[in-house]
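Undergrad: What would the 3D arrangement of this be:
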Amino acid sequence: MQKILIVDDSPTERYYLTDILVKAGFTVTTAENGEEALLKIKEDKPELILMDVVMPGANGFQVTRTIARDPELGDVPIIICSSKNQETDRVWGLRQGARDYMVKPVDAELLLAKIAALGGA
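TA: Okay, here's the model as predicted:
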């Protein structure tokens, strides 16, 4: 697992996550919203997606569901990284097709451990 797509409308969050992942040896691309993410996924399929929930346009739950139900993309694991920290949010995210759910601010070591558990570096 080398190619990771970060989907987040916050430039600060994209930079923070990119920095963690690049230092760990991953190739990172970013998208600012769900629509851009879906275009990038079709152009160059990532091996993992880190998905924010609260974004303009389609939210992360909707985009996760769209990806999970697509026969060509459904095998790409998604980890939701959100400031929404309620148990109901986590359960809903997993029901939409996410493999895991992390609350921001994301802990770098925990993120890398979750990626490793999914078959990453």
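
Undergrad: what about the protein, any weak spots by pLDDT?
TA: Confidence mapping of the chain against pLDDT under 70 gives the ranges 120-121.

Undergrad: tell me the centre residue of it?
TA: The centre of the chain sits closest to Leu50, judged by Cα atoms, centre = their mean, with a distance of 1.4 Å.

Undergrad: so that residue, which of the three states?
TA: The assignment at Leu50 comes out as strand when based on DSSP: H, G, I helix; E, B strand; the rest coil.

Undergrad: One more: the one 4 residues further on?
TA: Under the three-state scheme (three-state DSSP), the conformation of Val54 reads as coil.

Undergrad: That one: neighbour count?
TA: If you count neighbours by other Cβ atoms under 10 Å, Val54 ends up with 13. Where C-beta positions appear, they are placed from N, C-alpha and C, glycine not excepted.

Undergrad: Distance-wise, check it relative to Lys23.
TA: 26 Å (Cβ to Cβ, to the nearest Å).

Undergrad: try Gly60
TA: Following Cβ to Cβ, the distance that separates Gly60 from Lys23 is 24 Å.

Undergrad: Wait, Val76 touches Met51, no?
TA: No - under the criterion of Cβ atoms under 8 Å, Val76 makes no contact with Met51, lying 10.7 Å away.

Undergrad: Return every residue with contacts to both of these two.
TA: Here Val76 and Met51 have no joint contacts, going by Cβ atoms under 8 Å, 6 or more residues apart in numbering.

Undergrad: Fine by me, we can end here.
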